[in-house]
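Asks: Attaching a predicted model along with its sequence, questions to come.
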Amino acid sequence: MAYKEKGTKRRLRSSYITSVISISLVLFMLGLMGLLILNAQQLSNYVKENIGVSIILKKNVKEVEIRRLQKTLDATNYVKATQFVDEETAAKELQKELGEDFVSFLGYNPLMASIDVKLYAAYANPDSIAKIEKDFTKYNPVQEVYYQKSLVHLVNDNVKRIGLILLAFSALLLIISFTLINNTIRLSIYSQRFIINTMQLVGATRSFILKPFMGKSLVHGILGALIANAMLSGVIYISQKELSQVITFDNVEILGILFILILLLGIFITWISTLFAVNKYLRLESRSLY
């Protein structure tokens, strides 16, 4: 008898550990999706702000005029950064890309000086850039404005498409997560169905039977959420170290809200799943348990 009780306790302990690990892994996946959504806008801004607009300058423009134009551009509310590129630098960069000395072949440098402009993400869309292009051409030293229109359209279309996909995937992942945690808890409760039935036979009330299971589900939910948050903290640390230029987690308040949401979600899903699972076996007759 003692050996049997010991074996039962071991199975229950194993069931609890499996349940906590399963819950933590599912919550971790939800947390990763949360981090991705939080940084989706940041990643979108990073891509948009790396779309280059080149202002080609006229020949023989004085350095004073170039400096004045650059300062004027920097003062506008849509320009993030500017960089002056002279003829020699432009030729060297093109030679690197082509792998050939085209200046020696032609006998002269056909390239002109330019100012490379990086726009803020809010203005890096086709309509805004078209208006900005008109503004740039009004300046006297400017000969023409060049940017890849197809790239601008492609980036903006893909950003919108990815945003919709992320929302749809998040909803799907939430449903899958609830299902996985629910099934894990139902299996755990299934292994204790005879205990529930025995408690009913000796006259225990529904609330008395539910209480220990609900308490354990609360503990499992909290433990699973804490483990998931710990793993997410590790992911954040590694991301900050390896991808600091692309992804930053400076907003502590938003991260705090995400961690609290994972904790509340872990508690809610385990609590509601346990409630349904125990009530199911409370309604079953003894012969239906086999």
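Replies: Everything's here; your move. Residues are numbered from 1 along each chain as shown.

Asks: what about the closest residue to Asn140 other than its chain neighbours, how many neighbours?
Replies: Nearest non-adjacent residue to Asn140, counting by Cβ to Cβ, 6 or more residues apart in numbering: Glu65, 7.5 Å away. All C-beta atoms are positioned from the backbone trio N, CA, C, and that covers glycine. Counted with other Cβ atoms under 10 Å, the neighbours of Glu65 add up to 14.

Asks: For the host helix or strand of Glu65, enumerate the helices and strands it packs against.
Replies: Using DSSP states H and E, Glu65 maps to helix 63-75. Applying 3 or more Cβ pairs under 8 Å, 6 or more residues apart in numbering; DSSP states H and E, one finds that helix 63-75 contacts strand 52-57, strand 79-85, strand 114-119.

Asks: Please save the CA atoms from that helix in PDB.
Replies: The C-alpha coordinates for helix 63-75 follow below in PDB (Å, rounded to 0.1, in the frame of the first residue of the first chain):
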ATOM      1  CA  GLU A  63      30.900  75.200 -50.600                       C
ATOM      2  CA  VAL A  64      29.100  78.000 -48.700                       C
ATOM      3  CA  GLU A  65      25.900  77.300 -50.700                       C
ATOM      4  CA  ILE A  66      26.200  73.600 -50.000                       C
ATOM      5  CA  ARG A  67      26.600  74.200 -46.300                       C
ATOM      6  CA  ARG A  68      23.700  76.600 -46.200                       C
ATOM      7  CA  LEU A  69      21.500  74.100 -48.100                       C
ATOM      8  CA  GLN A  70      22.500  71.200 -45.700                       C
ATOM      9  CA  LYS A  71      21.700  73.300 -42.700                       C
ATOM     10  CA  THR A  72      18.300  74.300 -44.200                       C
ATOM     11  CA  LEU A  73      17.500  70.600 -44.800                       C
ATOM     12  CA  ASP A  74      18.500  69.600 -41.300                       C
ATOM     13  CA  ALA A  75      16.200  72.200 -39.900                       C
END
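
Asks: quick one: that helix to chain centroid distance?
Replies: Centroid separation for helix 63-75 versus its chain: 38 Å, with Cα atoms, centre = their mean, to the nearest Å.
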